[in-house]
Structures are given as structure tokens and as C-alpha cells.
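In: Need a 3D model of the following:
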Amino acid sequence: MIEAAPNPVTAVMRALADPTRRAVFERVFESKEISVAELTRGSGVTQGAISQHLKSLKLAGLVAERAEGRNVYYRAAPQGLEPLVTWMDHYGVFWRERFENLRDLLKEIDP
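Out: Numbers count the residues shown, from 1 in each chain. This is a model prediction of the structure:
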């Protein structure tokens, strides 16, 4: 069976669903640029696992890479979060309207 490519929101959610991958993304985000070796140090995760997590983050558009000799440096690509932010904004409007309606109803019930 052939699986359709996930939409951008799904790709970002899948990438950030894993706690280790989320921690890797946070470390990359906090750094201007960081290498796989630097990410591996003190993480308790193997270099191979870090590389796999970075691959998933890259495919989701959350990190970009730059090769320099034998080293690859990663930096956050904040625009990769845009599909998720847009999706959340859509539902934020939905919930804001409902909370306003609830507030109005509660005022009617108990002025």
C-alpha cells in the first residue's frame, strides 16, 4: 500500500511528538549553529540516534544544515513551525468564540 505524503502540519507534529527529538530541536533552536558531535555530548543518546532525529527534523522543515569539511552544522528553521502555528491559530479562533459564548451564557444565568 502506498501512503500519501503527510501534510506539513502532520509532518511537524510527528517530528515534535518524540520527546528526544523535541529536546534535540530545542538544543538546535537555542544555538546559532551546532554540530552532531556537540548535540551528542552530554545527551545520553548515540551519535547515530542524534543523526536520525536530525534527519526527521530536516524532513519536517524544522532544521537546516550546512556542511563544512567533514562536519555538518545544524540551525533551526523557525519558518518550519509556520504550518503548525497557522493550524493552531485556526482552532484558537474556534475556542475563543466558544469561550466568549460561554462567558455570555454564564452572565445571563448568574448576573
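
In: What ranges in the protein fall below the confidence cut-off?
Out: Applying pLDDT under 70 to the chain flags the ranges 1-6, 111.

In: Show me the strands in it, by range?
Out: According to DSSP state E, the chain carries its strands in the segments 34-35, 63-68, 71-76.

In: Could I get the buried residue list for the second one?
Out: Applying a neighbour-count criterion of 16 or more other Cβ atoms under 10 Å, one finds 63-64 buried in strand 63-68. Backbone N, C-alpha and C define where each C-beta goes, glycine included.

In: Of all the strands of the chain, which one is nearest residue 15?
Out: Of all those, it is strand 63-68 that lies closest to residue 15, at 9.4 Å by Cβ to Cβ.

In: Remind me what that closest one packs against, helices and strands.
Out: Packed against strand 63-68 by the contact rule (3 or more Cβ pairs under 8 Å, 6 or more residues apart in numbering; DSSP states H and E) you find helix 47-59, strand 71-76.

In: CA atoms of it as PDB?
Out: Output in PDB follows, covering the C-alpha atoms of strand 63-68 (Å, rounded to 0.1, in the frame of the first residue of the first chain):
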ATOM      1  CA  VAL A  63      16.200  22.400  10.800                       C
ATOM      2  CA  ALA A  64      18.600  23.300   8.000                       C
ATOM      3  CA  GLU A  65      22.100  22.000   7.600                       C
ATOM      4  CA  ARG A  66      25.500  23.400   6.400                       C
ATOM      5  CA  ALA A  67      28.400  21.100   5.600                       C
ATOM      6  CA  GLU A  68      31.900  22.300   6.300                       C
END
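
In: related to what we said a few turns ago, make JSON lines out of the helices and strands packed on strand 63-68 and add distance to residue 30.
Out: Shown next, in JSON lines, are the helices and strands packed on strand 63-68 (distance: least, Cβ to Cβ, whole Å):
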{"stretch": "helix 47-59", "distance to residue 30": "14"}
{"stretch": "strand 71-76", "distance to residue 30": "8"}
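
In: Out of those, flag the one nearest residue 18.
Out: Taking Cβ to Cβ, helix 47-59 is the member of the helices and strands packed on strand 63-68 nearest to residue 18, at 7.3 Å.
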